Structure formats: C-alpha cells, structure tokens
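Peer 1: Here you go, sequence then predicted model.
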Amino acid sequence: MRFPTPLVPARLIRRYKRFLADCTLEDGTVVTAHCANPGSMMGLSEPGTKIWLEPNDDPRKKLNYGWRLVDHENGHFTGVDTSVPNRALRAALVERRVGPLAEYGTVRAEVKYGEASRIDFLLSEPGLPDAYVEVKSVTLSRTAGIAEFPDSVTARGTKHLQELAAMAGDGHRAIMLYLVQRTDCSRMTLAADIDPAYAAGFASARAAGVEAMAFATRISPEGIGLAGPLPVIPVS
C-alpha cells in the first residue's frame, strides 16, 4: 500500500488528546496533525522524535496533516496509523498472498458477528470452513527485536478473543492476526504485565481452538506492505 501523497518529515513537539500531535516541519513551521491511533503509543511519542506526516488539502478534514510513521533514524520505521493494517492486509488476502489463508477466494470486511461486533475479515471458500480473522496493529517494543501487544489495557481486545473462541467452538476457523508495524522486530509476544486480562483471554482462546498468527511489514516513507510471518512467543 503506497501513501497516496508523498510524506514530509517533521519533529514531534507533543501528542495530546490521543488524536492530536503538534509538530515542527523542516522549515520551522509548526502544524497540528491528526494521530490515527487511540492507544498509548508507548515509546513512540517522545518530544523531538522524527516522524513523517501525510499532507492533504481535503476541505472535509479539519487538519491538513496526518501522522503516519515514526522514524527511528537507524534505518527502521514504525507505522502508527491503526487503519493501515486492515488496508494492507485486505489487498494481500484478495491477492492470496497470506500463505495460511491463501485457499480462500472470497474476502468480506466488517461483517457482523458475535455480540454487536464486526469481524475484520470473513473468508470463505467452497469446501472449507469459514475463517473469521481479527486484526490487531502492534507497535510496542520494550526489548530489542521483540514486538508486544497490547500497549495499554484493552477490554475490547479481550472481548474479541472471546468472540473468536465462540466461532471456533461452532466449527469455524478463528484467527487472531497481529500485524507488526515495526521493521526492527523479528518476534512477537504478549505484554502480559500491561494487560493480564488480555493475556488470560488469549490463553483461553488458544485452548478453544483460535489460531494465532503474526506478520511483519515493510515500511518506508513511500508505503507499507505485508512481509513474512513472525513467530509468536508464548508468555511464560
């Protein structure tokens, strides 16, 4: 998935009210950007961090910039827009480039299921059980090379695990897919110390037959794309 508008570099001044970020462009201009990430963004929102913004001239939008990337200035990037994983993954699913799910030819997004929920993707193929795929964006890394989820308490995420377990119990495939939006991680695990309830829900879901998958991403100021699978490390 290529960014439709070329990104511009900036320095973060502060992130506030979850969805707002004040930034300084290279010419010294201070702008406010939309931050499409409701999480804590732990380790990614320190003042002075180099970031990349996507400009827009859409009169329907209140802000003229959207925060898309953190540049770690060592050749690695983190994608902070939580809407990106679903867009990138949908293209890969339609093109059958997600190996464990490549047999499925029909891909539907945001299908109602469970208790007033919508599954990110419902995959179907004659002769195969339907596959319910829930997607989470992973941006936290507190140990070099290891990505972690979640970065804050997520009761909604725990509810999704419970609903996936119910789908598995009904004979469907149920997949919890973590898309790691960091290029500096080669493994993924759960941040059980941040949200013990989510970790417990994950263990229960796995025991009920829910599959866990993690995939890396290729990230640059030009775009974000799906890369290869990553191992999911069990929580000790």
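Peer 2: Now that the structure is in, tell me what you want to look at.

Peer 1: now the spatially most central residue of the chain: how far from Asp57?
Peer 2: Geometric centre of the chain, nearest residue: Ser137, 1.5 Å, by CA atoms, centre = their mean. Distance, Ser137 to Asp57, by CB to CB, to the nearest Å: 27 Å. (Each C-beta comes from the backbone N, C-alpha and C, glycine too.)

Peer 1: I'd like to know which elements the helix or strand of the chain with the lowest mean pLDDT is packed against.
Peer 2: In the chain, the helix or strand scored least confidently by mean pLDDT, DSSP states H and E is helix 84-94, which has a mean of 90. Counting contacts by 3 or more CB pairs under 8 Å, 6 or more residues apart in numbering; DSSP states H and E, helix 84-94 packs against strand 106-113, strand 117-124, strand 131-138, strand 173-180, strand 211-220, strand 223-230.

Peer 1: any idea of the mean pLDDT for the lengthiest helix in the chain?
Peer 2: Ranked by number of residues, the top helix in the chain under DSSP state H is helix 155-169. Mean pLDDT, helix 155-169: 96.

Peer 1: And that helix, what's buried?
Peer 2: For helix 155-169, the neighbour count (16 or more other CB atoms under 10 Å) marks Gly157, Thr158, His160, Leu161, Gln162, Glu163, Leu164, Ala165, Ala166, Met167, Ala168 as buried.

Peer 1: ok, so what distance separates the second one from Pro196?
Peer 2: Using CB to CB, one obtains 10 Å as the distance from Thr158 to Pro196.

Peer 1: again, but for the third one
Peer 2: Noted for His160: a distance of 17 Å to Pro196, by CB to CB.

Peer 1: Ok, the first one next?
Peer 2: Gly157 sits 13 Å away from Pro196, taking CB to CB as the criterion.

Peer 1: Repeat that for the fourth one.
Peer 2: When distance is defined by CB to CB, Leu161 is 13 Å away from Pro196.

Peer 1: So Thr82: helix, strand or coil?
Peer 2: Following DSSP: H, G, I helix; E, B strand; the rest coil, Thr82 is assigned to coil.

Peer 1: dump the residue contacts of it.
Peer 2: Thr82 is in contact with Ala36, Asn37, Pro38, Gly39, Ser137, counting by CB atoms under 8 Å, 6 or more residues apart in numbering.

Peer 1: Export those residues as JSON lines, with columns for secondary structure.
Peer 2: Listed next are these as JSON lines, based on three-state DSSP:
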{"residue": "Ala36", "secondary structure": "coil"}
{"residue": "Asn37", "secondary structure": "coil"}
{"residue": "Pro38", "secondary structure": "coil"}
{"residue": "Gly39", "secondary structure": "coil"}
{"residue": "Ser137", "secondary structure": "strand"}
